[in-house]
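A.B. asks: With the sequence up front, the predicted model follows.
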Amino acid sequence: MTRIALAQLASNPKSIQENWEKHLAFINQAIEEKANAIFFPELSLSAYEPELVSRMKKELDGLPWNELKELSHQHSIMIGIGLPIFTSQGVQIGMRIFNTDGQEFTYAKQLLHEDELPYFIGGNEHLTLAIENHKIGIGICYESLQPQHIESVFAQNISMYLASVAKPQSAIERAYGIYSQTAKRFNTPVLLVNAVGKSDNFISCGQSAWWNPNGELQNNLSASEENLLLVHLP
């Protein structure tokens, strides 16, 4: 049995340290639940605040990242955290992944919403992750709803799909429908982890969830609670 933990949390753009400590608490909770992996929402470490993230590089670089590497290795848990990635060309919306064998990976959102274009640049490569007997593909928010992204990720022969997002209530109903259709079409589980609380000029509405290969909603969280959703897969 493969156990995936989805960490639905509220992030504070004014305190990276507070967010870091909250991430550690969720990771330790997932370890207690014997999860094989834990994933967080879009830009979970910085909060989804496009106008602010460019100022956060020094503080993010100064975090004790080796703690996550050690936790991942010691407890055999993959950790995927949402954060901005700073490159010489610009800032990307990314996920930093710590693997149980000590390797680190980064994935950068490839398809950006038009509102994000003044602040971010897109990535250009897919990333698949090996978790137990599963191969998992990743999409970050807007791109996870786009047909061209979905087609290209599932062409990687994945057996599980993760959408890491920061979405308001106005978008979540449509997203639920697309993720259900995607799971059924590709006969593959789809997992959604969303933030809660203030994000830029909207309120992220939680409701992290997962759908089985028949497209049936299996479990979800509320619209406002900070909590861990555990997904159990064969």
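C.D. replies: Yep, that arrived.

A.B. asks: Beta-bridge partners for Y107, please?
C.D. replies: M95 (DSSP bridges).

A.B. asks: what residues are up against it?
C.D. replies: Listed by C-beta atoms under 8 Å, 6 or more residues apart in numbering, the contact partners of Y107 are 94-95, 97, 123, 125-127, 138, 140. Every C-beta, even on glycine, is put in place using the N, C-alpha and C of the backbone.

A.B. asks: what about it, distance to M95?
C.D. replies: Distance, Y107 to M95, using C-beta to C-beta, to the nearest Å: 5 Å.

A.B. asks: Mind listing the shared neighbours of these two?
C.D. replies: 138, 140.

A.B. asks: Farthest from the middle of this structure: give me that residue.
C.D. replies: S88 (23.8 Å; C-alpha atoms, centre = their mean).

A.B. asks: Centroid-nearest residue for the chain?
C.D. replies: S164 (3.1 Å).

A.B. asks: Roughly how far does it sit from K109?
C.D. replies: 9 Å.

A.B. asks: Mutual contacts of the two, please.
C.D. replies: Common neighbours of S164 and K109 (C-beta under 8 Å, 6+ apart) are 42, 140-141.

A.B. asks: This protein: strands as residue ranges?
C.D. replies: For the chain, the strands defined by DSSP state E occupy 2-8, 37-39, 78-86, 91-98, 104-108, 128-131, 134-140, 160-165, 190-194, 196-199, 202-205, 209-211, 217-220, 227-233.

A.B. asks: gap between the third one and the chain center?
C.D. replies: With C-alpha atoms, centre = their mean, to the nearest Å as the basis, the distance from the averaged C-alpha position of strand 78-86 to the chain average is 8 Å.

A.B. asks: ditto for stretch 199-218
C.D. replies: 12 Å.

A.B. asks: End to end on it, go ahead and measure it.
C.D. replies: The stretch stretch 199-218 measures 27 Å between its terminal residues, going by C-alpha to C-alpha, to the nearest Å.

A.B. asks: Now do the contacts for H232.
C.D. replies: 1-3.

A.B. asks: again with L229
C.D. replies: Each residue near L229 by C-beta under 8 Å, 6+ apart is listed here: 5-6, 8, 193, 208-210, 219-221.

A.B. asks: separation between the nearest residue to it once chain neighbours are set aside and L162?
C.D. replies: Distance criterion C-beta to C-beta, 6 or more residues apart in numbering; nearest residue to L229, sequence neighbours excluded, is L6 at 4.3 Å. The gap separating L6 from L162 is 8 Å, by C-beta to C-beta.

A.B. asks: Which neighbours do those two have in common?
C.D. replies: Joint contacts of L6 and L162 (C-beta under 8 Å, 6+ apart) are 39, 191-193.

A.B. asks: Buried only: go through these for me.
C.D. replies: Burial by neighbour count, 16 or more other C-beta atoms under 10 Å: within those this picks out 39, 191-193.

A.B. asks: Which two of the residues you listed have the greatest separation?
C.D. replies: The most widely separated members of the buried ones among the shared contacts of L6 and L162, counting by C-beta to C-beta, are F39 and L192 (10.0 Å).

A.B. asks: how far away is the closest residue to K22 other than its chain neighbours from E59?
C.D. replies: Nearest non-adjacent residue to K22, counting by C-beta to C-beta, 6+ apart: L9, 5.8 Å away. From L9 across to E59, the span is 18 Å (C-beta to C-beta).
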